[in-house]
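Undergrad: here you go, sequence then predicted model.
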Amino acid sequence: MKPPPHQSGMEKPVSKLIPISPQTHSDFRWRRPSNFLFTGKDHLIPLGLREMNNATLGLPAGFIRLQDKFLLVGIQGFRNGENLVVDENGKWLAVHLPDGYQGYPLRMIRLDQERYQVCVEEESELVKPKEAVPDDAAEWRPFFDDEGKLADPVSHLVNQMQKHAADLGAAERATARLAELELIKEWEITAGDEKSPLQVKGLYTVDQARLAQLDGDSLVSLRDCGALYLIYVQLLSGFHMSGLIRIGQRRWKKPEEVELDFGEIDDTGNISFDNL
């Protein structure tokens, strides 16, 4: 099975990420997105350790290899530039929206092992110069108040993003321990159909056979760094892989007839932008 070319409605311009500061953004306004089309090219998204508790409810999660280490990711598609968890109208189809998307059009960019920088995607249609926004458009908010401090909604988002950065660090440490104990193996995934199987390469999962051979001290070390919890939820999340494969099969065969049912949006506020 050969998937069709990407749909133009799912594409977005190349990001231009600028560090946010009073000097650069006091005269700009922003608003929250009304859909999730901005995620349309993300087939993978880094996940935090605590976040896995929610991600397990709706997304398959696994690992990818980055040079000499592994990274925990949510799996949203099987090809570069194609997110199967958002439809052509921008509706998010899974129960959990990854924390990495919660602050858009703000993004947290990693500077080094411990430091992150809050940036804004200036090419987004959600960011405009002050003079381009009508005075009565209440949904367009300033980044900074009159004293040059972060406005309350932005400050709230930045706090969330800082917590997410710490959560990503916890996931990295737990994943590193799994790698040290050789508990990560290649994940064998076939995403096509019986007539035209499509082998997915480059994704990894927990090696359950190797896990069963560990001694007690190793299991305690996994528990103490959160890796034992990560093992449990990562394996549990694999339940959603078949659902993601079915979405891909339907979209690649007949895009105009796709009935996407990857999950239901809950009412907890996890994926609502309205409360932020």
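TA: That came in fine, so what should we check first?
Undergrad: distance check, the most centrally placed residue in the chain against residue 120.
TA: Taking CA atoms, centre = their mean, the centroid of the chain lies closest to residue 45, which sits 3.4 Å from it. Distance check for residue 45 against residue 120: by CB to CB, to the nearest Å, it reads 19 Å. Yep, even glycine has a C-beta here, placed from its N, CA and C like the rest.
Undergrad: repeat for residue 229
TA: From residue 229 to residue 120 the distance is 34 Å (CB to CB).
Undergrad: of those two, which one has the most company?
TA: In this view residue 229 and residue 120 are compared by other CB atoms under 10 Å, and residue 120 has more residues nearby, 25 against 16.
Undergrad: please name the nearest non-neighbouring residue to the more buried one.
TA: Of all residues not flanking residue 120 in the chain, residue 20 sits nearest, at 5.0 Å (CB to CB, 6 or more residues apart in numbering).
Undergrad: neighbours of that neighbour, how many?
TA: 22.
Undergrad: who's in contact with it?
TA: Contacts of residue 20 were listed using CB atoms under 8 Å, 6 or more residues apart in numbering, and they are 106, 118-120, 143, 154.
Undergrad: same check on residue 170?
TA: With contacts defined as CB under 8 Å, 6+ apart, residue 170 is in contact with 48-50, 226.
Undergrad: host element of it?
TA: helix 152-180 (DSSP states H and E).
Undergrad: next SSE after that helix?
TA: Next helix or strand after helix 152-180 toward the C-terminus (DSSP H and E): strand 184-186.
Undergrad: which secondary structure elements does the following helix or strand past that following strand sit against?
TA: Using DSSP H and E, the helix or strand that follows strand 184-186 in sequence is strand 189-190. Applying 3 or more CB pairs under 8 Å, 6 or more residues apart in numbering; DSSP states H and E, one finds that strand 189-190 contacts strand 199-200.
Undergrad: pLDDT averaged over the helix or strand following the strand it packs on - what is it?
TA: Next helix or strand after strand 199-200 toward the C-terminus (DSSP H and E): strand 204-206. In this model, strand 204-206 has a mean pLDDT of 96.
Undergrad: what distance separates strand 204-206 from the centre of its chain?
TA: Centroid separation between strand 204-206 and its chain, computed with CA atoms, centre = their mean, to the nearest Å, is 18 Å.
Undergrad: list the buried residues for it?
TA: 204-206 (16 or more other CB atoms under 10 Å).
Undergrad: what does that strand contact?
TA: Strand 204-206 has contacts (CB under 8 Å, 6+ apart) with 62-65, 70, 178, 183-187, 231, 234-235, 238.
Undergrad: could you identify the buried members of those?
TA: 62-63, 70, 178, 183-184, 187, 231, 234, 238.
Undergrad: between which two of those residues is the distance greatest?
TA: Greatest spacing in the buried ones among the contacts of strand 204-206, by CB to CB: 70 and 238 (16.2 Å).
Undergrad: before we move on, the earlier item: over to the residue nearest to the centre of the chain: give its phi and psi.
TA: Per-residue torsions, residue 45: phi -150, psi 130 (degrees, to the nearest 10).
Undergrad: ok, residue 109 next?
TA: phi -110, psi 130.
Undergrad: pLDDT score for it?
TA: If you check residue 109, the pLDDT there is 83.
Undergrad: that one touches residue 116, doesn't it?
TA: Yes: using CB atoms under 8 Å, residue 109 is in contact with residue 116, at 6.6 Å.
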